[in-house]
Each structure stands twice: as C-alpha cells, then as structure tokens.
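Participant: Generate coordinates for the sequence data below:
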Amino acid sequence: MTETTARTQNLPQRIHTYRNHHLDSSRWDSVVLRDDDIVVATSYKAGTTWMQGIVGNLIFSGEELPAPLLELSPWVDARIMPIESIVTQLEQQKYRRFMKTHLALDGLRYDSRLKYVYVARDARDVFMSFWNHYGSYTEEAYARFNGTPGRVGPELPRCPNDIHELWRNWITRGWFEWETEGYPFHANLHHVQSWWDYRHLPNILFVHYADLLADFEGEARRVAGFLEIEVPEATWPLIIRNCSLAEMRASRVRDEKLRPITFFRGGAETFFYKGTNGRWREVLSEEEVALYEQAAKRELTPDCRQWLESGRLRP
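Facilitator: Model prediction:
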C-alpha cells in the first residue's frame, strides 16, 4: 500500500523518519511483507519480549521454539544489526513471521494485510523499567549504539547516576523535534497516541501490560483469536506455563548460554528484572508526578490516557 493510498483512505501514513542511535525507520522498506505477517509493537519496556513469547508460543502451539526469540522475531528498526542479515533471515522463515518494532505509527510503513499487536503500559511503570534497562548498559552497548556506521544525530549519552535527573529529562524533553518527552531514546506518550488514533482499524489489537498481569490466560486467548490461531484446549496449559514471566526469564537465561547478552550488566536477569507495576510511587515526588500530569495532558487524549493508566478498557 502506498502512502498516497493510505492518505486517501484515512489510514495510518508515514510522516516522520526516525533515525538516531537506536532506530532507523527506513529499514522497513527493505522487508518484503507477507499477507499473514504479524508485527509486535511497543514504545519500549512495556512487554515487548513477553508478547513476542506469547505470539511465538501460539504459532508453535506451545512446543519448544526452534530458535531464540531474537532470531525468530527480529527487531527490524534496530540499526545495530545489518538489515541485509535480517532480511535474509526473514526470507528464509517458513513459519508465520512475527516481527518487532519500537516505531510510532507515524513512522512505520503500515500495511492493511498485516496484524499488529500493540502493547502499552502506564508511562510511570515504563520509566521504572527504563531506568533499570538504560542504567545497566555496558560499555559494549554504548560502543555499538554510538559507533555503528550510519548513526544520525548525537551519540546516546551515558545514563545519569540519579534516577530523578533521568526522570526530569525523560518526561520533559524529546529526542526528535516533533516530540516533547522520551529523551534520550524516543517518545513514549506520543508513541502510544500515534497508535491509539487508529484503534478502530480491525488489524490492530491493543493489549495492556496490567491486563496481562491480571488475566494472562484471558489476554492470551484474545491475542490468539485476533491472530486467527486455533489452539487446542489441551495445549493451553503448556502455553500459559511457557509464557509466565518466570519461565520467560528462565528461557532467556538458557538462550544466553548459547549467545551471551553482553549489552547489560547481569545479562538476562537484568533484562527482565521485576516486571511489576507501581514501583514509581515509592520513587517519584509530588512535583515529579506533576511533570507527568503535564506531559499526559499535552500528549494524550482523555480516552487514551484512561486506558494507558488503568488498562481493562477495551479500545
């Protein structure tokens, strides 16, 4: 589908190019899409890997995944991996493909044939996981993000030692000129709103992290129905076990033995960390929460904000 067609049909269109130390949205132009492709989309630290695990287990009916998730479900817009190798990898896949993106919908090549599973989480919970994630980067991580040829814009700065300094920057500054929060990665609230604006489209499913925690089986069944994957009843207990946060963490640790995670101090244990919500209440002051209030009013429509902060509401 061309962007002109999307415009005339009031469908999502690509109006921004996201290129920085982490992202290069133009890489999607190299991927030849298939009619049954699945895209798992989040801003970051909102349940991306968890949802990839759910989708993978649905596709393979709870059987052992044939490869680590990083290989089965590549992150297309991550510029540190050569796009040629990702394209080759995707072209060789015989099963139903499921890819990952951290792009806002205003920077992604939308295709009405695909199924998009969008996962979001309260921004304050996203931040707490982001603090752990960013603060655990190794020197190798900074070298790869900043040193891989083709970077556009400044280098990724070192994570500050003070969580409050990071919060103030993250919630009040944007990396790209059209953003007002998300520094020094990319926006989170703008990202959610860009997808929410098209929640009426039948090929986009919204899943909330809090709902996954509260009713995992119900949400997993909803994802299966959306993807039109028929799962035998006898298989559901296995899928539910495989996709628990504890088992996902253990699986990541097993994968790490084959391919060490060198981007994070602590490896897989650091990558998954706690997976809980509400930790921000013990960290952020009233003045700091007020900064979130200002950003949310600025970036989110009331219905989007209600869903993002509580889940449960079906868009």
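Participant: which residues of the stretch 1-150 of the chain fall in strands?
Facilitator: 38-41, 98-101, 115-120 (DSSP state E, counting those that start in this stretch).
Participant: Can you tell me the SS state at the residue sitting furthest away from the middle of the chain?
Facilitator: Residue farthest from the centre of the chain, counting by C-alpha atoms, centre = their mean, is Ala234 at 29.9 Å. Following DSSP: H, G, I helix; E, B strand; the rest coil, Ala234 is assigned to helix.
Participant: what number of residues lie near Phe216?
Facilitator: 17 (other C-beta atoms under 10 Å). Yep, even glycine has a C-beta here, placed from its N, CA and C like the rest.
Participant: Apologies, that question was intended for Ala143.
Facilitator: 10.
Participant: now the one 3 residues further on
Facilitator: For Asn146, the count of nearby residues is 14 (other C-beta under 10 Å).
Participant: does the spatially closest residue to it that is not a sequence neighbour sit in a helix, a strand or a coil?
Facilitator: Leaving aside its sequence neighbours, Asn146 sits nearest to Glu155 (C-beta to C-beta, 6 or more residues apart in numbering; 4.2 Å). What three-state DSSP gives for Glu155 is coil.
Participant: Start at 16, not 1
Facilitator: Noted, 16 is the first residue going forward, which turns the last one into Glu170.
Participant: Glu170 and Ser259, how far apart?
Facilitator: 38 Å (C-beta to C-beta, to the nearest Å).
Participant: and if you look at Trp65?
Facilitator: 10 Å.
Participant: Which one of these two is surrounded by more residues?
Facilitator: Trp65 (23 against 13).
Participant: isn't the more buried one right up against Cys258?
Facilitator: Yes: using C-beta atoms under 8 Å, Trp65 is in contact with Cys258, at 7.2 Å.
Participant: who's in contact with Ala225?
Facilitator: 136-137, 292, 325-327 (C-beta atoms under 8 Å, 6 or more residues apart in numbering).
Participant: distance of it from Tyr213?
Facilitator: Distance from Ala225 to Tyr213, by C-beta to C-beta: 22 Å.
Participant: Equivalent analysis for Trp65, please.
Facilitator: In terms of C-beta to C-beta, Trp65 sits 23 Å off from Tyr213.
Participant: This completes my enquiry, with thanks.
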